[in-house]
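> Requesting a structural model of the entry that follows:
(one chain, ligands or ions: 2)
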Amino acid sequence: MAFSQNVAKIKPSATMAVSALAKRLRAEGRDIVDLSAGEPDFDTPGFICDAAIEGIRKGKTRYTPPAGMPELKKAIAKILSERAGRELDPEGVVVTSGAKQALFNANFCLFGLGDEVLIGSPYWTSYPEIVTLARATPVPVKGSEERDFRLTPDDLERARTPNTKGFLFSSPSNPTGGVYTKAELKGLVEWARDHDVWVIADEIYRVINFSDDNGTPAASILDLPESSLGKKWVLVDGASKAFAMTGWRLGFSYCDVAAAKELGAVQSHVSSNASSPSQVAALAAYTETEKTAKSVKEMVAAFRRRRDLVTRLFDEMLPDFTYVKPMGAFYLFFRVDSAFSDEIPDSTKFCSWMLNETGVALVPGSAFGDDRYVRMSYAAADAVLEDGIRRLAGALARK
Ligand code: PMP
Ligand code: GLU
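Residues are numbered from 1 along each chain as shown. Ligands and ions are numbered 1, 2, ... in the order given. Sure thing, here's the model as predicted:
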């Protein structure tokens, strides 16, 4: 069967695929430790659920404007304005069905055939696919391993061609957990401004930051002065990771109002508005800020404790596997090529061998642009993490 050129190069999401496989094996009775998909294991905070239930009972179950409920756009713009220290226009906000859709809207509107989009690598598996869906060309740019893959303007400059139109990255990073400092961000964003390149800054993990001891969120492009940013930038964020709301499908973008109109227009034909009960839930999360801050603090403290646990266990039990020390998000990106052999020549084989041998589900680094590595999500209970790492160490010892 032939399909269109639109999908000729598209592969299904590897993170989603491994997680679906792990669920299927578990349903078949296998003893599975699922450390694949990046999804907080916490329940959505109760006050957010209550707001959604009350909203449903009050009839907030109809279409909203495609770019979102005005009161939600206003609440998001208020939070972003406080961060930026200047007034941001609610019309720059487009509320989306998950951050994924915000990324799709932005890439589809800003790039097309012949355009090249630089992608900070290792990258989240959907970035190159989303760029490809826009018929543009993804260009992964890898920072040096010594700098935990964090990019410098020189790295971007080496990859620049006359066709470079965009730069897409996440900080904190999925899959490495790397976090840019404000000064590093400034360098990257000013490089993009100076070369007329659109920046898409994915800040979905911003609050899950361990870079300082006070639980301060990671640096945001909105912490930078307007003069550094110019006009060509899109900030992407959402409720999935920060508020344990992955299934609600609620994200947003913020950008220049003229660009936001284009993003909203695309969405108006693709999915209309994000689910209205989810928007009501997000309104509670973004307005009841004290309750939200309390829940976020508890979850971030747990992620931090687990980061410390998994890195300690790796140091003790898997000393041959080096890793990027995670400073944010909830992933450990570790290097496994020391265990490669004729039977296990790459990260995909490594992960399928581990799954078969031990029941531990991990995502191969090839899905993130580095085949020497494997990604573990540590958004799981301490006992599950410990069990998973013990199984890995046991299998390697038997190998
Ligand atoms: N960006 C990154 C870096 C992610 O890891 C994810 C994970 N799902 C997303 C965006 C998409 O988030 P959402 O579930 O809100 O679509
Ligand atoms: N972003 C998470 C991950 O990387 C969830 C799955 C997905 O959307 O890719 O595992």
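> Now do the buried residues in the helix ranked longest in the chain.
In the chain, with assignment by DSSP state H, the single longest helix is helix 289-317. For helix 289-317, burial by neighbour count (16 or more other C-beta atoms under 10 Å) applies to 292, 295-296, 299-300, 302-304, 306-307, 310-311, 313-314, 317. The C-beta positions use only the backbone N, C-alpha and C, and glycine is treated the same way.
> angle of the very next helix or strand once past it against helix 289-317?
Moving toward the C-terminus from helix 289-317, the next helix or strand (DSSP states H and E) is strand 331-335. Orientation note: strand 331-335 sits at an angle of 20 degrees relative to helix 289-317 (axes from the mean of the first three to the mean of the last three C-alpha atoms, to 10 degrees).
> Show me what the helix or strand following strand 331-335 is packed against.
Sequence order places helix 347-358 as the next helix or strand after strand 331-335, per DSSP H and E. Packing partners of helix 347-358 (3 or more C-beta pairs under 8 Å, 6 or more residues apart in numbering; DSSP states H and E): helix 14-27, strand 360-361, strand 363-364, strand 373-377, helix 382-398.
> Show me the one of those that comes nearest ligand 1.
With C-beta to the nearest ligand atom, the closest approach to ligand 1 among those belongs to helix 14-27: 7.6 Å.
> show me what contacts the residue in the stretch 151-300 of the chain that ligand 2 sits nearest to?
Across the stretch 151-300 of the chain, the shortest distance to ligand 2 (C-beta to the nearest ligand atom) belongs to N174, at 5.2 Å. For N174, the contact set (C-beta atoms under 8 Å, 6 or more residues apart in numbering) comprises G38, W124, I204, Y205, A329, Y331, F368.
> what comes into contact with the helix or strand of the chain with the lowest mean pLDDT?
Across the helices and strands of the chain, mean confidence by mean pLDDT, DSSP states H and E is lowest for helix 14-27: a mean of 91. The contact list for helix 14-27, computed with C-beta under 8 Å, 6+ apart, reads 32, 34, 36-39, 125, 351, 355, 359, 361-364, 366-367.
> Need the nearest residue in space to the residue of the stretch 151-300 of the chain closest to ligand 2, chain neighbours excluded.
With C-beta to C-beta, 6 or more residues apart in numbering as the criterion, N174 has its nearest non-adjacent residue at 4.5 Å, and that residue is W124.
> try D320
In space, D320 is closest to S338, 4.9 Å off (C-beta to C-beta, 6+ apart).
> Kindly give the local confidence score, pLDDT, for that neighbour.
Note on S338: pLDDT of 96.
> Ok, K399 next?
80.
> ok, it - contacts?
Going by C-beta under 8 Å, 6+ apart, K399 touches A339.
> still on that earlier bit, nearest to E184, of the buried residues of helix 289-317?
Nearest to E184, judged by C-beta to C-beta, of those is R307 at 20.6 Å.
> residues contacting the closest one?
Contacts of R307 (C-beta under 8 Å, 6+ apart): G177, F210, P326, F330, L332, Y378.
> If we use 10 Å, what do you get?
G177, I208, F210, K325, P326, M327, G328, A329, F330, Y331, L332, Y378 (C-beta atoms under 10 Å, 6 or more residues apart in numbering).
> any idea where the helices of the stretch 51-200 of the chain begin and end?
With DSSP state H, counting those that start in this stretch as the criterion, the stretch 51-200 of the chain has helices at 70-84, 98-110, 126-133, 153-159, 182-194.
> For the shortest one, which residues meet the burial criterion?
Judged by neighbour count using 16+ other C-beta under 10 Å, the buried positions of helix 153-159 are P153, D155, L156, A159.
> and what of the longest one?
Neighbour-count burial for helix 70-84, counted by 16+ other C-beta under 10 Å, picks out L72, K73, K74, A75, I76, A77, I79, L80, A84.
> returning to what we had before: to be precise, which single item in the contacts of helix 14-27 has the lowest pLDDT?
Among the contacts of helix 14-27, A37 has the weakest pLDDT, 85.
> so when I look at that one, I'm seeing a strand, right?
No: using DSSP: H, G, I helix; E, B strand; the rest coil, the assignment for A37 is coil, not a strand.
> Near the nearest residue to it once chain neighbours are set aside, how many other residues are there?
Using C-beta to C-beta, 6+ apart and skipping the chain neighbours, the partner closest in space to A37 is S19 (3.6 Å). Neighbourhood size, S19 [other C-beta atoms under 10 Å]: 20.
> Check the gap between S19 and S173 for me.
For S19, the distance to S173 equals 19 Å [C-beta to C-beta, to the nearest Å].
> do R206 as well
12 Å.
> shared neighbours of these two, which are they?
The contact sets of R206 and S173 overlap at V179, A218, G328, A329 (C-beta under 10 Å, 6+ apart).
> now those residues in JSON lines, with distance to V139 and neighbour count?
Output for the shared contacts of R206 and S173, formatted as JSON lines (distance: C-beta to C-beta, whole Å; neighbours: other C-beta atoms under 10 Å):
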{"residue": "V179", "distance to V139": "23", "neighbour count": "26"}
{"residue": "A218", "distance to V139": "24", "neighbour count": "26"}
{"residue": "G328", "distance to V139": "25", "neighbour count": "28"}
{"residue": "A329", "distance to V139": "23", "neighbour count": "32"}
